[in-house]
Structures are given as structure tokens and as C-alpha cells.
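[1] Using only what follows, build the 3D model:
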Amino acid sequence: MTTSGRRRAKKARAVRRRLPMRYLLPSLFLVALFAMLMLRGYVHNEIRPDHRIRLLEARDQVPSAMHKGGPVIDARDPDKPVSLNVPNDKIVLTFDDGPDPVWTPKVLDQLKKHDARAVFFVTGAMTARHPDLVERMVEEGHEVGLHTFNHPDLSLQSKERIDWELSQNQMALAGATGVRSSLFRAPYSNFVWHLDNKNWDLIKYAGSRGYIAAFNDTDSHDWRRQGVDKIIKNATPKPGKGAIVLMHDSGGNREQTVAALGRFLPQQKAKGYDFTTLTEALGAPSAHTEVSGMELWKGKAFVYAVGISENITVVLVGGLAIVGVLVIGRFGLMLVLAFAHARKVRRRGFRWGAPVTEPVTVLVPAYNEKECIENTVRSLMASDHPIEVIVIDDGSSDGTADIVERMWLPNVRVVRQVNSGKPAALNNGIAHASHDIIVMMDGDTVFEPSTVRHLVQPFGDPRVGAVAGNAKVGNRDTLIGAWQHIEYVMGFNLDRRMYDVLRCMPTIPGAVGAFRRTALDRVGGMSEDTLAEDTDITMAIHRDGWHVVYAENARAWTEAPESVQQLWSQRYRWSYGTMQAIWKHRGAVFDRGPSGRFGRVGLPLVSLFMVITPLLAPLIDVFLLYGLIFGPTQKTILAWLGVLLVQAVCAAYAFRLDKEKMTHLISLPLQQILYRQLMYVVLLQSWITALTGGRLRWQKLRRTGVVEAPGSIPTQRAAHSDDRRPVG
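    Next up is the predicted model:
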């Protein structure tokens with residue numbers, strides 16, 4: 001193999017090694033969650049539902065012996081179908097549609113109290129969901145028969161569907177009790193004299209599969225809920241005659257059925273009736289056959305999986321309720337506190353303190369920013385506040401530092417260093433700064449002429465140690481840029497207003513922030529402990545007792561990622577870095593003073609709103625998809641539109657505060673469907689990285705330089721100026 005071939009093979013192996021962490025685990029999690037929801041839909045009759053009921057048709061092909069015979073038909077021998085009656089003084093109580101977690105235990109309690117046995121025709125779906133109740137039926141001597149899996153009218157189904165309904169019913173029964181049954185009752189069947197041609201074909205087909213069909217000859221009509229006395233009257237057989245009595249232990253409120261049993265059982269026993277199972281009444285072998293081997297384990301695995309899906313659904317529903325409360329609560333809190341913040345800083349005559357007019361230092365860390373750096377520096381030259389600019393070139397290989405030097409601009413210096421990362425570049429810049437207030441920005445960002453002036457005014461308050469500016473997306477003309485624009489205005493800046501009022505601002509954005517040198521010195525400058533050095537330094541300043549505030553008019557225009565790959569890389573680093581910062585400063589929870597206040601107020605809010613809630617928020621979309629597929633579709637859509645409306649109100653208010661055009665909100669619904677999913681997976685990947693102890697490297701985003709500098713730009717200086725001399 002050639003050298004280039006070996007390189008390609010090595011690169012391919014490296015890509016394969018990265019795939020599991022980046023894609024495989026989140027994908028497996030989502031697939032498993034989707035599979036559990038599908039299984040839930042399966043056992044709740046939401047997959048392949050068929051609620052049609054056929055009216056009776058011609059009966060000319062049904063043997064008259066069947067119409068005039070007993071309520072039990074054994075058609076296992078197709079040439080000699082047999083009709084059977086229950087002997088005199090025997091009553092076979094049958095209960096359909098269960099088990100039900102509310103009513104079946106009460107029915108079983110009545111039967112046990114009066115030493116009576118019965119037959120329960122259970123559905124596979126309910127058996128899989130409540131296997132303990134079916135197990136109790138068998139343990140207490142009752143007989144169990146099949147009532148299909150999803151309760152469709154089998155006379156309308158194909159033979160394949162009939163086989164599926166019965167086999168799935170048997171699998172659930174085997175998993176719950178370890179037995180299979182030869183008794184079968186078709187849904188919507190009643191008396192044998194109602195048999196028509198299609199139902200007769202069904203009975204013969206079931207017989208060919210080894211099943212005995214059980215109808216009834218006495219219908220309690222308990223499903224009509226006409227009162228206990230009426231149920232007892234309907235269920236009472238002719239004196240001395242045997243009967244199969246139809247009742248229900250599921251399918252609705254069965255309170256009257258339970259009450260009727262409490263009177264019916266002792267009354268009929270006093271008349272000499274024996275309440276027994278069907279096979280005992282007929283003197284036949286038990287309908288139950290023990291299963292073993294693969295059939296048993298297959299049934300148990302199915303029932304176990306259904307139990308997991310039910311529990312997961314309960315957890316998801318609970319999580320959805322929590323998310324709903326948190327989301328609505330957060331939006332409400334943001335609106336109220338953002339309004340309070342805007343009212344405070346916009347009232348006539350508001351001042352942070354004495355006007356700040358002294359010069360400040362602006363640090364521009366740059367690594368391979370040749371596309372953007374000229375716009376960035378020229379925007380600073382238009383500033384209406386006195387500044388010095390220090391561009392720290394962090395080992396760029398594209399001539400970034402050379403571009404700045406060739407601009408010959410006043411008060412602009414270049415500091416070169418070996419590539420060491422952004423925190424090291426900023427610390428190097430701080431060491432070269434001439435002034436006590438230090439503004440930090442990114443190399444792909446441009447300032448408005450008034451940005452620095454607005455950004456430093458809060459330092460008129462001696463308690464303020466850092467100020468967050470208003471970062472905005474400059475390249476918002478693409479769909480992905482518009483989505484980030486909504487996120488910046490609504491998710492970041494509205495949040496910052498809230499955190500300002502609560503005095504627990506979590507992050508000074510790297511694109512536009514200012515610091516008091518004293519505060520930086522006291523906390524040891526920028527740290528390399530996390531990938532979110534801006535969040536790390538902000539939390540450290542809080543813990544040192546300083547106030548951190550938000551300057552809404554200090555606008556900076558930054559170039560947001562323009563591809564999904566770059567956006568993924570950026571947000572992955574942000575998300576993981578935030579987790580690192582939270583973990584690093586976790587000790588603040590137990591501190592006293594300002595550090596303790598931030599630890600017990602700021603850290604829980606940041607953890608809740610920036611890490612935990614976003615991780616649970618996908619539940620809204622999961623249930624949207626589930627509801628659209630399985631219903632109730634209309635209610636699902638209305639609920640989702642309600643959540644979207646709340647978000648739209650918050651977004652509109654945020655846009656109004658920032659004086660942004662509302663037209664960008666047109667893409668908000670699509671953002672909720674597509675963009676948020678990417679953010680969910682990124683956060684999930686960050687969690688996996690954190691929990692598995694993985695490490696994440698700094699990643700350089702590709703820039704285009706499309707964000708132009710607003711305001712006027714001064715004329716370039718002559719080449720002989722001493723101000724262009726690089727430092728470092």
C-alpha cells in the first residue's frame with residue numbers, strides 16, 4: 001500500500017472511531033425511545049386499530065343444529081362440529097375485555113369472597129399491560145380464554161389478521177401466566193342463534209386452529225349500566241337450568257357489575273347453583289396447557305418489554321408535565337423580569353453612575369481570521385469612545401496579523417504569540433492593556449460606533465465588575481442564520497435581562513463584553529479549565545462579589561455558523577463548556593456571601609434552564625409526533641400550537657425590546673420543528689461526553705467575512721506612522 005493510501009486508511013479508521021460517540025449513542029437512544037413508544041401504541045390499540053362492526057347477514061349456510069344448540073361450539077373436527085350445553089344447576093360466569101386495573105381486582109375479590117370460579121376472556125393488549133391480574137386469575141382457579149389481541153370484529157378480517165390476533169393473544173397469556181388456552185370468544189359475538197355465514201366461517205377456522213368457541217345464552221347487559229337490579233334480573237337463568245352468563249370486567253365503569261355480583265352470587269348459590277369454569281362444567285380437560293422453551297421466553301420477553309414501555313411512558317408523561325411547567329414558568333419569568341429590566345434602564349434620567357469617559361482597551365483575539373479581521377478592526381476605528389485596540393494573533397497561519405499591520409490604523413497594535421488558545425490570547429492581551437476597563441470581542445465581530453460607549457457606562461457603578469453586551473447575528477439572510485437570529489434575540493438577550501434583574505448573569509458573551517481590570521486580576525484572569533472561558537470567568541466574577549449587568553444598547557454583530565456542521569461544532573463546545581463551568585463552580589452552593597448567593601440562585605437557574613430543561617424539552621416534540629400518528633390528532637395539534645403561541649409571544653416581545661423586524665419570526669414554527677432537534681442532539685452528545693469522561697478540543701469555525709462594519713471608517717494612515725509597530 002502506498003503512503004497516501006495508508007494515510008487515507010488511517011483517516012477512515014479515525015472517522016469510524018469518532019462515529020460512535022458523535023452519532024451512535026444519541027441515535028441508539030432515540031431509536032430505543034421510539035421503539036418503546038411504538039410498543040406502547042401497539043398494546044393500546046393505536047397501531048392497526050379497526051373499530052368497524054359488521055351487521056348480521058345471511059345465515060343459510062349455518063347448520064340448524066348450531067342455531068338450536070348450546071352456547072359452546074367445538075369445530076375442531078370440521079366434518080363433525082359439536083354443540084354443547086352447560087349442565088343444569090351450573091352457572092359459568094364469563095367476563096370479557098379485561099383485565100382492567102380498577103375493576104378486575106374487585107370482580108376477583110367478589111368471586112373469592114363467595115368461593116366462585118369463572119372464565120375471563122382477556123385481550124392480549126390488556127394482558128400484556130396487566131399480567132399480574134391474569135396471573136391471579138389462574139392462581140385462584142379461574143379459567144382464561146382468548147378474546148383477540150386488539151378486539152376487532154374478526155368476521156371483517158383476513159385469515160392472516162385472525163392468526164395474528166390469536167397468536168399475539170397467546171403470546172401475552174404465556175408471558176403472564178406460563179399457559180396457553182384453547183378457549184376462544186370472538187369480539188361482538190353473543191348468542192348462537194345470531195350466527196350468520198361469515199361468523200360460522202370464523203368459528204370453523206378457529207376450530208381448525210384448535211380452539212373451542214364459547215358464546216353465551218344469558219346476557220346481563222351490564223355494559224348498559226341500567227342498575228344493579230336489572231343486571232341481576234338479566235343474568236338469572238331459568239330455574240334449574242345451566243347457563244353461560246356474559247358480564248364485563250373492563251371497557252368502562254363496572255361499579256354496577258361488581259355490586260351486582262355481591263348479591264347475585266349468594267342468591268344463586270342459595271338456589272343450589274354451582275359457579276364453575278367452562279371445562280369443569282362440561283366435564284372436559286382443562287383449557288390451560290403449560291408452555292415452555294422458546295414460547296415461554298418469547299411471551300415473558302414481550303410482557304417485560306411492554307412493562308418497560310408503560311413505565312417509560314409514565315416517566316415521559318411526568319417529564320412532559322414538568323417541562324410544561326418549567327417552560328411556561330420560564331417564559332412568564334422572562335417576560336416579567338425583562339419588562340422590569342427594560343423599565344429600569346429606559347426610564348428618563350437613568351444613569352449607572354458618573355459617566356465613563358476615560359479610554360478603554362479593546363482586545364481582539366484572532367486565529368486565522370483573514371476573512372473578518374479587517375471589518376472587525378475598521379468597525380472599532382469608528383467608535384465614538386476613546387479606545388486602544390490590541391489584536392492578539394494566536395499563531396495564525398493565514399496572515400491575519402499581517403493584514404492588521406498593513407492597515408496602518410492609529411491606536412491599533414498587534415501582539416503575536418505561538419498558538420495557545422483563546423484564554424491564553426486574552427490573558428496576553430490583558431498584560432499589554434493600558435487601561436483599567438477592558439473590552440473583549442471576537443475576531444469575526446463588528447461593533448457599532450456607539451457600542452463601546454454603551455458597554456462601559458455601567459462601570460460608573462463601582463460595584464459592577466463585568467458587563468454583557470447585546471450580541472446579534474449579522475448574517476441572518478439564510479434560513480439557518482434567521483433561526484440563530486431568533487435564538488440570539490429571544491433565547492440569549494431576553495435571558496440576560498432576566499439574569500440581570502436576578503443578579504446571576506451566567507455568561508458575558510465572547511463577542512461583546514467588558515471587564516474591570518481589578519475584577520480580572522482578583523479572579524486570576526481567563527482560565528483554560530473549561531471550553532467556555534466566557535461562562536467560567538463570569539461565574540468567577542460573581543463569586544468574587546461583583547455585579548454583572550447587561551447593556552442592551554451595546555450592540556455587536558457577529559458571524560454565525562452558516563452550515564449544520566459548523567453550528568454543531570460551535571454549540572457542542574458551548575454546551576459542554578457550560579457543563580464544565582457549572583461543575584467547576586459547584587462549590588459555590590455551600591459558600592457564604594456573594595459566592596453562596598450565586599451558588600444557590602444562579603447555578604440552579606443556569607443548570608435548570610440551560611442544561612436540564614433543554615434536555616427534556618424534546619418530549620414536547622416526541623409527543624407531538626406520537627399524537628399525530630396515533631391520536632388524538634386534533635388535541636395534539638392544538639396543544640403544540642398553544643406552546644408555539646407562548647413562544648411566539650415571548651419572541652415578539654424580545655424583538656420589540658431589541659427593535660427588530662417581526663418578519664424574521666415567520667420562520668419560528670419551522671425553527672421549532674427542525675432547528676431545536678439539532679440543539680437537542682448536541683446537548684445529548686454533550687451529556688454523553690461529560691458522563692463518559694470524554695474531552696473536546698477547540699474547533700475553528702470557517703468564516704466568510706460577510707458581516708460588514710456599520711458607521712464611518714477613517715482614512716488609512718500613511719505607511720510611515722509609528723502607530724503600526726507590532727508589539728510582542
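[2] Now do the helices in the stretch 601-728 of the chain.
    Remark: helices of the stretch 601-728 of the chain, listed N- to C-terminal, are 603-607, 613-616, 618-630, 633-657, 668-670, 676-691; assignment by DSSP state H, counting those that start in this stretch.
[3] what's the closest of these to residue 570?
    helix 676-691 (9.2 Å; CB to CB). All C-beta atoms are positioned from the backbone trio N, CA, C, and that covers glycine.
[4] so what secondary structure elements neighbour that closest one?
    Helices and strands touching helix 676-691, as assessed by 3 or more CB pairs under 8 Å, 6 or more residues apart in numbering; DSSP states H and E, comprise helix 25-43, helix 564-584, helix 613-616, helix 618-630.
[5] got the angle for the second one vs helix 676-691?
    Helix 564-584 and helix 676-691 are oriented at 50 degrees to each other (axes from the mean of the first three to the mean of the last three CA atoms, to 10 degrees).
[6] ok, now how distant is the closest residue to residue 588 other than its chain neighbours from residue 687?
    For residue 588, the nearest residue in space outside its immediate sequence neighbours is residue 599; the separation is 2.8 Å by CB to CB, 6 or more residues apart in numbering. Using CB to CB, to the nearest Å, residue 599 is found at 22 Å from residue 687.
[7] okay, these two: which has more neighbours?
    Higher neighbour count among residue 599 and residue 687: residue 599, with 22 against 18, using other CB atoms under 10 Å.
[8] Go ahead and confirm residue 264 touches residue 234.
    No: in this structure, residue 264 sits apart from residue 234 without contact. The criterion is CB atoms under 8 Å, and the distance is 10.2 Å.
[9] More neighbours: which of these two?
    residue 264 (27 against 18).
[10] how about residue 180, secondary structure?
    At residue 180 the chain is in strand, as set by DSSP: H, G, I helix; E, B strand; the rest coil.
[11] TSV for the helices and strands packed on helix 676-691, including distance to residue 259 and mean pLDDT?
    Written out in TSV, the entries for the helices and strands packed on helix 676-691 read as follows (distance: least, CB to CB, whole Å; pLDDT from 0 to 100):
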stretch	distance to residue 259	mean pLDDT
helix 25-43	30	76
helix 564-584	58	83
helix 613-616	44	70
helix 618-630	35	72
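[12] do you know which of those lies nearest residue 512?
    helix 564-584 (15.8 Å).
[13] who's in contact with the helix or strand following that closest one?
    Along the chain past helix 564-584, the next helix or strand (assigned with DSSP states H and E) turns out to be helix 593-597. Helix 593-597 is contacted by residues 503-504, 542-546, 588-590 when judged by CB atoms under 8 Å, 6 or more residues apart in numbering.
[14] Show me which pair in these is furthest apart.
    Farthest apart among the contacts of helix 593-597 by CB to CB are 546 and 590. That separation is 20.1 Å.
[15] Quick check: residue 643 touching residue 327?
    Yes: the criterion here is CB under 8 Å, and residue 643 meets it with residue 327 at 7.2 Å.
[16] quick one: common contacting residues for those two?
    Here residue 643 and residue 327 have residue 620 as joint contacts, going by CB under 8 Å, 6+ apart.
[17] Go ahead and confirm residue 554 touches residue 459.
    No: in terms of CB under 8 Å, residue 554 does not count as a neighbour of residue 459; the distance is 11.9 Å.
[18] Now do the shared contacts for those two.
    With contacts defined as CB under 8 Å, 6+ apart, the residues shared by residue 554 and residue 459 are 467, 514.
[19] Mind naming the longest strand for the protein?
    Determined from DSSP state E, the single longest strand within the chain is strand 547-558.
[20] helices or strands next to that strand in the packing?
    Here strand 547-558 touches helix 293-346, strand 445-447, helix 451-456, strand 464-473, helix 494-502, helix 533-543, going by 3+ CB pairs under 8 Å, 6+ apart.
[21] Now do the fifth one against helix 633-657: the angle between them, please.
    What it means is helix 494-502. With the same axes, to 10 degrees as the basis, helix 494-502 and helix 633-657 are set at 70 degrees to each other.
[22] and the next element down the chain from helix 494-502?
    Tracing the chain C-terminally past helix 494-502 and defining elements by DSSP H and E, one meets strand 513-516 next.
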